[in-house]
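A.B. asks: need the 3D shape of this:
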Amino acid sequence: MTSTALPEFLRYSADHYWLKNARLPLVCLDDSVPWKTAIAALAAPPVSEDLVAAHIEIEHGRIAAIVPASQALNPAQPAWDLRQGLVWPCFVDCHTHLDKGQTWFRHPNPDGTFDSALAAASADQRHWSAADLYPRMDFGLRCSYAHGTQAVRTHLDALNGQADISFAVFDRLRQEWAGKIALQAVSLVSMDYYDDPAAETLADTVARYGGILGGVIYPQPGIEAQIDRAFALAEARGLDLDFHVDESLDPEAEGLRIVAETKLRRGFRGRVNCGHCCSLSVQASDRAQSTLARLKAADISVVSLPLCNLYLQDRQPGTMPRYRGVTLLPELRQFEVAVALASDNCRDAFFAYGDHDMVEVFTHSVRIGQLDRPIGDWPLAVTRTPAKIMGLEAGLIGVGRPADLVLFKARSFSELLSRPQGDRRVLRQGTAIDTTPPDYAELDALMGLS
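C.D. replies: Residues are numbered from 1 along each chain as shown. Okay, the predicted model is just below:
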C-alpha cells in the first residue's frame, strides 16, 4: 500500500501529473533534455553542486516532459511540489549475494575475519534447500525494492550440486519479480573448479538460465589456465563473465591483470566485470597504473564493495586496521574504466550489516573514498553505470523513459549524505510504492529464533 503522507492523486495512481520544483543530478539526465547544461547550477545556494532545477511531467507511467523550474505550469493540472527535493533514477545493484543473505543469526562470523566468513558460510550451506533459499532471497529483494532499486545481480554459490537448487529458486524469483526488479545471476565457484570436466555442466546450467559465468580469483597454481578455461566456456555459449578478483591485501595478487590480458589475447566479445579488486590498493603506483591501463584497453568494468571490504580487510583482534581494501576508485575513473558501487553481502558472515540500500552504499562510499569536491559523475556509479554493466537501458532520467524515480526531501548532496533518507518516496512507472522494508521477525523460524 502507499503512504497516507502522499498527495491524494498519487495514492490513486494518477495517470497525469507533475512533480514540481525538483532538483535533478545533472549527470543522471539523458540527452532528451537539451537545455540541461544552460541551468546546471541552481539559482540559489548551493551553486557549486551540479543540479538542475526542473518540473517533471508524468503521464501513463512515463516521463512526458522535463522543463525548467522557471516555467509556469497549468494550475489546473495535478502537481506535487517537491520544494527543491532531489529526484534520482531508481538504483541498480550489480553485485549481491542473495543466497547467503540474512543468515547472520544462524552462522555468525565469530571474529570478523575473511577465513571465518568462509567457514561460517560453508557450514550454513547445509540449510540451503529451496525452502530455505526462497524466503531469504525474496526478503533481500523486498528490501531492495522498498529502498528504490530496480535491478539486481546476485552471485550464487554453485559447488557441490548447489547450482541446480539455487538457479531454480532464482528463476522462480525472476519470474515473480518481473516488472519490479530485473534480476541476473552469476555462478560462483573457486577457480580450480575450471580444471574439472564438471565445469562444462556448470556452464550449461548457467546458459540454460540465461546467467553469467563467474568465479573467485586468488593467486594459486594454474590460475592463468583456469581463467582462460572460464573464458573459453563462456565464449562457446555466448555468456558474459563476472569474477570476484583479488579480494585481499596481497600486493602480489594480480588476477585483475590476468583477466584483462586474457580478454585482450582472446578477443573476447562479451562483457567482463570484476568485483572487489582490493589488492590494487596496496600495489606500487606504477604497477597499479599499468593494470588500470590494461583494464581500459580490454574494456573491463569494475564494481567496488566498500562496506563489505571495510568489514573484513585487515581485521586483527584488538588492533585498528591500517589498510581498508577499497579499490582505487578515483584512479579507475581517471583511466576511464567503468566503475560501479554495490551492496555485496547483507547480514551474513561476510558482512554483519546492510539492508540492500543503495543510498547507504553511495553515502558511505563517498565518505570512504572522498568521492566529493566535486561529486561529479559518481551518482552514475549506483544508477547508469551498473545498468550498463548488466546490459540494461536504465539508470537515467529522460523524456520517454519509465517514471522509475526516487524522491528525497534532501535538496542538495550535503543534505542527502547527512541523513539516512528513510523518508524517501519511490515511484515505479509513476505510481508510489510502499517503502516499508520487510520485518526481520519473518525470518525467525528459519534462523531458529522461534
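A.B. asks: so how far is residue 302 from residue 260?
C.D. replies: Residue 260 sits 11 Å away from residue 302, going by Cβ to Cβ, to the nearest Å. The C-beta positions use only the backbone N, C-alpha and C, and glycine is treated the same way.
A.B. asks: intersection of neighbour lists for these two?
C.D. replies: The contact sets of residue 260 and residue 302 overlap at residue 295 (Cβ atoms under 8 Å, 6 or more residues apart in numbering).
A.B. asks: correct me if wrong, but residue 74 is in a helix.
C.D. replies: No - judged by DSSP: H, G, I helix; E, B strand; the rest coil, residue 74 forms no part of a helix; its state is coil.
A.B. asks: now it: how far from residue 65?
C.D. replies: 12 Å.
A.B. asks: name the residue in the two with the higher neighbour count.
C.D. replies: Using other Cβ atoms under 10 Å, the more surrounded residue of residue 74 and residue 65 is residue 65, with 16 against 7.
A.B. asks: name the residue most distant from the centre of this protein?
C.D. replies: Largest separation from the mean C-alpha position in the chain: residue 76, at 40.0 Å (Cα atoms, centre = their mean).
A.B. asks: mind checking pLDDT for the residue found closest to residue 156 once you drop the neighbours it is linked to in the chain?
C.D. replies: Of all residues not flanking residue 156 in the chain, residue 166 sits nearest, at 4.3 Å (Cβ to Cβ, 6 or more residues apart in numbering). With respect to pLDDT, residue 166 scores 98.
A.B. asks: also the one 5 residues further on?
C.D. replies: At residue 171 the predicted local distance difference test score is 98.
A.B. asks: just residue 31 next, same as before
C.D. replies: 88.
A.B. asks: for the nearest residue to residue 152 once chain neighbours are set aside, what are phi and psi?
C.D. replies: Of all residues not flanking residue 152 in the chain, residue 93 sits nearest, at 5.0 Å (Cβ to Cβ, 6+ apart). Phi and psi for residue 93, reported as degrees, to the nearest 10, are phi -110, psi 100.
A.B. asks: cool, and residue 285?
C.D. replies: The phi/psi pair for residue 285 (degrees, to the nearest 10) is phi -60, psi -40.
A.B. asks: how close does it get to residue 277?
C.D. replies: 15 Å.
A.B. asks: which of these two has more residues huddled nearby?
C.D. replies: Higher neighbour count among residue 285 and residue 277: residue 277, with 32 against 9, using other Cβ under 10 Å.
A.B. asks: how about the contacts made by the more buried one?
C.D. replies: Contacts for residue 277 were tallied using Cβ under 8 Å, 6+ apart; they are 245-246, 256, 302, 304, 327-328.
A.B. asks: which of those residues fall within strands?
C.D. replies: Residues of the contacts of residue 277 located in strands (DSSP state E): 245, 302, 304.
A.B. asks: pLDDT score assigned to the first one?
C.D. replies: In the predicted model, residue 245 carries a pLDDT score of 98.
A.B. asks: could you count how many residues lie near residue 94?
C.D. replies: The tally of other residues near residue 94 (other Cβ under 10 Å) stands at 28.
A.B. asks: that one contacts residue 303, doesn't it?
C.D. replies: Yes - Residue 94 lies in contact with residue 303 (Cβ atoms under 8 Å); the separation is 5.6 Å.
A.B. asks: joint contacts of those two?
C.D. replies: Here residue 94 and residue 303 share the contacting residues 273, 340, 342, 386, 389, scored by Cβ under 8 Å, 6+ apart.
A.B. asks: quick one, which of these are buried?
C.D. replies: Listed as buried from those are 273, 340, 342, 386, 389; burial here means 16 or more other Cβ atoms under 10 Å.
A.B. asks: can I get these in JSON lines with distance to residue 367 and pLDDT?
C.D. replies: Formatted as JSON lines, these follow (distance: Cβ to Cβ, whole Å; pLDDT from 0 to 100):
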{"residue": "273", "distance to residue 367": "24", "pLDDT": "98"}
{"residue": "340", "distance to residue 367": "17", "pLDDT": "98"}
{"residue": "342", "distance to residue 367": "16", "pLDDT": "98"}
{"residue": "386", "distance to residue 367": "20", "pLDDT": "98"}
{"residue": "389", "distance to residue 367": "23", "pLDDT": "98"}
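A.B. asks: now the helices for the protein?
C.D. replies: Counting by DSSP state H, the segments of the chain that form helices are 8-11, 114-124, 130-147, 162-176, 198-208, 223-237, 255-266, 285-298, 306-312, 329-334, 358-369, 384-389, 413-416.
A.B. asks: returning to that earlier point: farthest-separated two in the shared contacts of residue 94 and residue 303?
C.D. replies: 273 and 342 (10.3 Å; Cβ to Cβ).
A.B. asks: how long is stretch 272-290 end to end?
C.D. replies: This stretch, stretch 272-290, spans 19 Å end to end (Cα to Cα, to the nearest Å).
A.B. asks: for residue 363, state which of the buried ones among the shared contacts of residue 94 and residue 303 is nearest.
C.D. replies: Closest to residue 363, out of all of these and judged by Cβ to Cβ, is residue 342, at 13.9 Å.
A.B. asks: who's in contact with the closest residue to the closest one other than its chain neighbours?
C.D. replies: Distances taken as Cβ to Cβ, 6+ apart put residue 95 closest to residue 342, at 3.8 Å, once the chain neighbours are dropped. Residue 95 makes contacts with 153, 155, 242, 275, 303, 305, 340, 342-344, as judged by Cβ under 8 Å, 6+ apart.
A.B. asks: I'd guessed residue 247 sits against residue 280; true?
C.D. replies: No - if you go by Cβ under 8 Å, residue 247 and residue 280 don't touch, sitting 11.1 Å apart.
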